[in-house]
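A.B. asks: Mind folding the following:
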Amino acid sequence: MTSVIMAVVKAVHGHEGEVTGLVQRTQFQAVQNDTSGQDATLLLGLEGLAVVTVELDDDGARVVHVVTDDEAAAGCPSCGVLSTSVKGHAVTRPRDVPYGQALLHLVWHKRRWRCREAACPRGSFTESLPAVPPRARVTTRLRTECGAGIATRFSCVSAGAGYYGVSWPVAHAAFIAHVDPVLAQPLPPVQVLGIDETRRGKVKWAQDPDTGRWFVLADRWHTGIADAAGTGGLLAHIDGRTAAKVAEWIAEQPDSWRAGITHVTIDLSASYLRAVSDALPHAVVVTDRFHLVRLANDMLTEVRQHATRDVRGRRGRKRDPEWAGRRKLLIGHERLDPTAFAKLWNALIDAGDPGIEILHASTVKENLRHLLALSATFPERSLIRDRLWALYEQAATSTSPEVHRFAATIEAWWPAIEAAIITDYSNARSEGYNRLAKHQGRNAFGYRNVHNHRRAIRWACTRQHRRASAATSEVPGQVR
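C.D. replies: This is a model prediction of the structure:
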């Protein structure tokens with residue numbers, strides 16, 4: 001019987017649509033009586049489909065011929081009445097999950113039924129199953145596994161589409177179906193909110209044809225809003241970095257969720273400060289300590305460059321002591337070797353006025369680091385006040401406008417700086433999400449669709465994704 005069925009299936013494979021009802025009944029009987037067919041059906045694991053035979057294609061791929069083994073497939077999709085009248089036959093080739101190293105091709109020999117229900121507007125229909133929906137070119141389990149694979153194992157949609165042998169739109173739709181239910185869940189309670197921006201792509205420049213001057217044509221930014229002290233991950237990734245955009249997103253959240261936020265960590269951004277003041281007036285603003293130290297290093301670099309230009313009338317060169325020690329000036333005092341520090345100090349002293357100004361600025365920078373070092377130590381208010389006074393006093397003795405401007409910035413942001421010292425909160429988690437966001441863009445070689453970009457970034461920055469990745473450690477292409 002098996003040899004007869006193989007011959008029939010080959011005939012069907014070569015002449016689609018010419019299978020008789022007798023042949024279809026013979027196939028069903030063979031499936032019921034053939035033990036090897038039952039084993040192959042169990043191995044395939046597609047509910048409602050029975051394996052008739054398996055053959056090798058010319059390229060080494062396995063071709064699995066299956067028939068319908070579910071009486072419910074004869075039910076009309078419109079009215080649900082089971083049909084007993086066969087109108088014809090059809091052959092479809094839905095894609096299924098890969099098995100091992102070789103490809104697997106499904107060939108589904110199914111029947112077309114007539115709907116005999118007088119009130120039903122449908123005249124005929126072909127068999128369909130939950131595992132292979134009507135007009136579907138991929139099985140349900142392939143779509144599900146493809147979406148989960150892109151979300152957990154592959155670097156981008158294209159990599160998952162290539163592995164599963166489907167097109168990019170199909171793979172991306174599977175990825176969306178997998179991640180959107182998770183991302184659409186209500187936001188978890190957040191106590192410390194982190195806000196930071198990241199640039200989307202590169203700055204685009206254009207040249208004015210009349211004046212020849214270059215101007216910025218496009219400079220696209222995104223704002224990431226994260227749970228800075230909890231496990232909520234990246235809560236939102238919105239377009240732009242203006243105060244109105246951030247305040248609008250915060251205002252859209254439930255009142256109970258906004259009331260639970262006690263602190264907001266930001267960098268030295270006036271836009272974000274205004275957004276927090278408008279949308280969360282009860283929250284304490286905390287500035288990030290890393291950005292303060294970077295601001296001090298930038299101030300020191302400006303003082304060094306300014307002093308060199310004023311005294312020497314040119315840029316720094318290798319024989320200039322302030323240029324030779326430019327990198328050591330940015331290193332923390334405690335991390336410098338005593339001999340190297342003494343050598344740098346003496347060289348700047350011998351350089352005269354420019355060296356003295358640079359040392360003044362360097363001391364201001366170190367006083368700021370000395371002040372920020374009180375974080376997580378539960379310091380007394382008096383100790384914070386003494387170290388802040390030492391910073392202001394050193395800045396007052398300098399003649400560099402860059403140092404005075406830096407001290408004015410510290411004074412303007414002091415409430416947020418003091419909160420950072422007392423609470424030890426930072427924006428480090430938001431900065432880490434910015435790194436992941438840039439990786440997502442590089443993995444996909446850029447995104448033209450901003451919605452797809454934000455979806456990929458949010459999924460890459462969620463705790464749920466990292467837990468799933470840790471549990472799923474298999475390598476793509478490896479036989480499971």
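
A.B. asks: what's the host helix or strand of Q440 in contact with?
C.D. replies: Using DSSP states H and E, Q440 sits in helix 428-443. Applying CB atoms under 8 Å, 6 or more residues apart in numbering, the contact partners of helix 428-443 are 155-156, 194-196, 198, 200-201, 222, 224, 226-229, 234, 237, 265, 288, 290, 447, 453, 456-457, 460-461. (C-beta placed from N, C-alpha, C; glycine too.)

A.B. asks: In helices, which of those appear?
C.D. replies: 290, 453, 456-457, 460 (DSSP state H).

A.B. asks: Neighbour count, distance to D424 and pLDDT added to the residues you listed, as CSV?
C.D. replies: Converted to CSV, the ones in helices among the contacts of helix 428-443 look like this (neighbours: other CB atoms under 10 Å; distance: CB to CB, whole Å; pLDDT from 0 to 100):
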residue, neighbour count, distance to D424, pLDDT
F290, 14, 13, 93
H453, 21, 33, 88
A456, 25, 32, 90
I457, 25, 27, 89
A460, 20, 27, 88
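
A.B. asks: for those, which one is nearest L104?
C.D. replies: When those are compared for distance to L104 (CB to CB), A456 wins out at 29.3 Å.

A.B. asks: thinking again about what came up before, just the C-alpha atoms of the helix holding Q440, please, in CSV.
C.D. replies: Taking Å, rounded to 0.1, in the frame of the first residue of the first chain, the C-alpha atoms of helix 428-443 are listed here in CSV:
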residue,chain,number,x,y,z
ALA,A,428,24.2,55.3,34.7
ARG,A,429,21.4,52.9,33.7
SER,A,430,20.1,55.4,31.1
GLU,A,431,23.6,55.8,29.7
GLY,A,432,23.8,52.0,29.4
TYR,A,433,20.6,51.9,27.5
ASN,A,434,22.0,54.5,25.1
ARG,A,435,24.8,52.1,24.3
LEU,A,436,22.3,49.3,23.6
ALA,A,437,20.3,51.7,21.4
LYS,A,438,23.4,52.4,19.3
HIS,A,439,24.2,48.7,19.0
GLN,A,440,20.7,48.1,17.7
GLY,A,441,21.2,50.6,15.0
ARG,A,442,24.5,49.2,14.0
ASN,A,443,23.3,45.6,13.9
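
A.B. asks: Run the chain-centre distance for the longest strand anywhere in the chain.
C.D. replies: Ranked by residue count under DSSP state E, the longest strand found in the chain is strand 104-114. Once both centres are worked out by CA atoms, centre = their mean, to the nearest Å, strand 104-114 turns out to sit 39 Å from its chain's centre.

A.B. asks: mind listing what the next helix or strand after that strand pairs with, with the direction of each?
C.D. replies: As assigned by DSSP H and E, the chain's next helix or strand after strand 104-114 is strand 124-126. Here strand 124-126 is paired, per DSSP bridges, with strand 104-114 (antiparallel).

A.B. asks: buried set for the partner strand?
C.D. replies: 104-111, 113-114 (16 or more other CB atoms under 10 Å).

A.B. asks: ok, and for the helix holding Q440, which residues are buried?
C.D. replies: Buried residues in helix 428-443 (16+ other CB under 10 Å): 429-431, 433-434, 437, 440-441, 443.

A.B. asks: Ok, stretch 64-76 next?
C.D. replies: 64-70, 73-76.

A.B. asks: now stretch 141-150
C.D. replies: Within stretch 141-150, judged by 16+ other CB under 10 Å, the buried ones are 142-143, 145-150.

A.B. asks: Contacts for that stretch, please.
C.D. replies: 46, 95-97, 131, 138, 156-157, 159-161, 163-164, 166, 170-171, 173-179, 476.

A.B. asks: how's this structure carved up into domains?
C.D. replies: Split into domains by automatic domain parsing, the chain comes to 2-137, 145-183, 192-288+427-471, 289-423.

A.B. asks: so where's the stretch 301-450 of the chain uncertain?
C.D. replies: Nowhere does the stretch 301-450 of the chain drop to pLDDT under 70.

A.B. asks: What segments of this structure are strands?
C.D. replies: Under DSSP E, the chain gives strands at 49-56, 62-68, 85-92, 104-114, 124-126, 192-199, 204-207, 214-218, 221-227, 234-239, 263-266, 284-287.

A.B. asks: Quickly compare those strands and say which is most buried.
C.D. replies: strand 263-266 (a mean of 26; mean count of other CB atoms under 10 Å).

A.B. asks: which other helices and strands contact that strand?
C.D. replies: With contacts taken as 3 or more CB pairs under 8 Å, 6 or more residues apart in numbering; DSSP states H and E, strand 263-266 sits against strand 192-199, helix 270-279, strand 284-287, helix 414-423.

A.B. asks: Recalculate using a threshold of 10 Å.
C.D. replies: strand 192-199, helix 270-279, strand 284-287, helix 414-423, helix 428-443 (3 or more CB pairs under 10 Å, 6 or more residues apart in numbering; DSSP states H and E).

A.B. asks: Check which helices and strands the fourth one sits against.
C.D. replies: Packed against helix 414-423, as judged by 3+ CB pairs under 10 Å, 6+ apart, are the following elements: strand 263-266, strand 284-287, helix 289-312, helix 353-372, helix 381-396, helix 401-412.

A.B. asks: so which of these is the most packed in?
C.D. replies: strand 263-266 (a mean of 26).

A.B. asks: List the contacts of that one.
C.D. replies: With contacts defined as CB atoms under 10 Å, 6 or more residues apart in numbering, strand 263-266 is touched by 190-197, 225-226, 228-229, 246, 250, 272-273, 275-277, 279-280, 283-289, 291, 416, 419-420, 423, 425-430.

A.B. asks: residues contacting R381?
C.D. replies: If you count contacts by CB under 10 Å, 6+ apart, then R381 has 418, 422 around it.

A.B. asks: quick one: it from R335, how far?
C.D. replies: Distance, R381 to R335, using CB to CB, to the nearest Å: 29 Å.

A.B. asks: Same check on D310?
C.D. replies: From D310 to R335 the distance is 30 Å (CB to CB).

A.B. asks: just T308 next, same as before
C.D. replies: Distance from T308 to R335, by CB to CB: 25 Å.

A.B. asks: quick one on the thing from earlier: now tabulate the helices and strands packed on helix 414-423 in TSV and tack on distance to V52.
C.D. replies: As requested, the helices and strands packed on helix 414-423 are exported to TSV (distance: least, CB to CB, whole Å):
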stretch	distance to V52
strand 263-266	63
strand 284-287	68
helix 289-312	66
helix 353-372	74
helix 381-396	81
helix 401-412	77
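
A.B. asks: Can you check which of these gets nearest to A184?
C.D. replies: Judging the helices and strands packed on helix 414-423 by CB to CB, what sits closest to A184 is strand 263-266, at 24.3 Å.

A.B. asks: A340: neighbouring residues, count only.
C.D. replies: By the criterion of other CB atoms under 10 Å, A340 has 12 neighbours.

A.B. asks: now swap in the one 5 residues further on and tell me
C.D. replies: Burial of W345 is recorded as 15 neighbouring residues (other CB under 10 Å).
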